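>>> Okay, structure incoming, though there's no sequence with it:
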Ligand code: FRU
């Protein structure tokens, strides 16, 4: 077997570290990095289904793409059960919170289309029942890869296991709407290897998912980002000087933070079509800081690599914390070194008065950030909530060097195209 040095002509990169010292700089409620309050009277996309992770159709360079004037998004989706006895509580009321919390176990990929980049119409399921090999269809990326309308949907097949897979189909348009055809044969691409990326056998709470393929603007090769955890038995990771960073006196105690081991993974395609992949060492690790760096994605701007990833308050390690939201890092070249944006990494977090209002942010190359509404308090104390399961208002950020600023807010689920492809 060839070594990485033989294959790439240089030693493999060192992962960049998101350190505990960086995370100590995270401050909720800084207005320049906080999502505006989402009002509890939000509209819902559908009374039949919950939606959460939103995946706009795009090309391999990251451009959000419409086809024949139709915008298309894919969403993780699950039926709502307002009349199912299983979700009726002892007072005879629909327990929407429990229904919502159970959604991950029955997540399916659906698509929606629109003429306006909002007011989405439900297209339906992307794959018929029985096509996907596992119970759950988890997040990924739909790529329009030619002018014939061919689409590669990369996603995660979960339970049993977690496998990064792809399925090929085609988008077809008429003057009345959009349909997806094909999407009949799912091809497994790769799973965690236990050497660079943690496996289920090493940690039952492992994460390995959320593929985001892209063409590197500099070397032109096809790569893929994904979410992982650093390989090794649960509890065996070391939180040393490098992971701690430069902290003030009194901040050296790392508690049980060895259990938090998130990383942003990267793989390179061995072929043009993206059917044959090789995992490389992580781009970024968060050992001792956070256990989940989900849905990693790039914005290529000003010759730099802006790496974004979503994370939660509950996945932070002992002694560090931050809001649910999107975090970011920047480098001059693909393999780093990456430094946290805004010093801390925080780019757009929920306000502390509404800590679960939105999640699963996707920063698009035009600076617009889409996310979904999770739950919004309906009373002062925050004990009463309204469940979302729908698109959040789109927020615009400005990215300037190593800093970002919230500058505008738009309509719910506003995802305008950056280019339109006329299908041949
Ligand atoms: C983010 C996420 C993804 C995963 C999906 C599961 O909201 O946790 O990482 O693919 O949701 O529902």
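Structure received. Here the structure is a predicted model, which is why all the values come from computation and not from measurement. Numbers count the residues shown, from 1 in each chain.
>>> The ligand contacts on the stretch 301-424 of the chain?
Contacts of the stretch 301-424 of the chain with the ligand, taken as CB under 6 Å from any ligand atom, map to 359, 360. Just so you know, the C-beta spots here come from the backbone N, C-alpha and C atoms, and that holds for glycine as well.
>>> what helices or strands is the helix or strand hosting residue 309 leaning on?
Under the criterion DSSP states H and E, the helix or strand holding residue 309 is strand 304-311. Contacts defined by 3 or more CB pairs under 8 Å, 6 or more residues apart in numbering; DSSP states H and E place strand 304-311 against strand 261-269, strand 277-287, strand 294-301, strand 325-331, strand 358-363.
>>> Next, the angle from the first one to strand 277-287.
For strand 261-269 against strand 277-287, the angle between stretch directions is 160 degrees (axes from the mean of the first three to the mean of the last three CA atoms, to 10 degrees).
>>> what's the distance between the strand holding residue 309 and the middle of its chain?
Distance of strand 304-311 from the chain centroid (CA atoms, centre = their mean, to the nearest Å) equals 10 Å.
>>> What of stretch 83-100?
29 Å.
>>> Output the helices and strands packed on strand 304-311 in TSV; the columns should cover mean pLDDT and mean neighbour count.
Listed next are the helices and strands packed on strand 304-311 as TSV, based on pLDDT from 0 to 100; neighbours: other CB atoms under 10 Å:
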stretch	mean pLDDT	mean neighbour count
strand 261-269	98	25
strand 277-287	98	23
strand 294-301	98	21
strand 325-331	99	26
strand 358-363	98	26
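>>> hang on, the earlier thing: can you state the direction angle for the strand holding residue 309 and strand 358-363?
Going by the same axes, to 10 degrees, strand 304-311 makes 170 degrees with strand 358-363.
>>> Output the helices and strands packed on strand 304-311 in JSON lines, with distance to residue 190 appended to each entry.
Shown next, in JSON lines, are the helices and strands packed on strand 304-311 (distance: least, CB to CB, whole Å):
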{"stretch": "strand 261-269", "distance to residue 190": "7"}
{"stretch": "strand 277-287", "distance to residue 190": "5"}
{"stretch": "strand 294-301", "distance to residue 190": "16"}
{"stretch": "strand 325-331", "distance to residue 190": "24"}
{"stretch": "strand 358-363", "distance to residue 190": "23"}
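>>> on that earlier part again, report the rounded mean pLDDT for the strand holding residue 309.
The predicted model gives strand 304-311 an average pLDDT of 99.
>>> outside of that strand, which residues touch it?
With CB atoms under 8 Å, 6 or more residues apart in numbering as the test, strand 304-311 has contacts from 225, 227, 262, 264, 283-284, 290, 292-300, 322, 324-334, 338, 341, 347, 359-363, 399.
>>> Partner strands of it and their direction?
strand 294-301 (antiparallel), strand 325-331 (antiparallel) (DSSP bridges).
>>> and whatever helix or strand comes next after the shortest one, which strands flank it?
Meaning strand 325-331. Proceeding N to C from strand 325-331, the next assigned helix or strand is strand 339-340, under DSSP H and E. In the sheet, strand 339-340 lines up against strand 325-331 (antiparallel) (DSSP bridges).
>>> Disregarding residues adjacent in the polypeptide, which is nearest to residue 292?
residue 315 (4.2 Å; CB to CB, 6 or more residues apart in numbering).
>>> Is the one you found in contact with residue 291, as I believe?
Yes - in this structure residue 315 lies within contact range of residue 291 using CB atoms under 8 Å: 4.3 Å.
>>> Which of those two has more residues huddled nearby?
residue 291 (22 against 19; other CB atoms under 10 Å).
>>> didn't the more buried one look like it was pressed against residue 257?
No - judged on CB under 8 Å, residue 291 makes no contact with residue 257 at a distance of 9.6 Å.
>>> Residue 19 - how many residues pack around it?
Counted with other CB under 10 Å, residue 19 comes out at 24.
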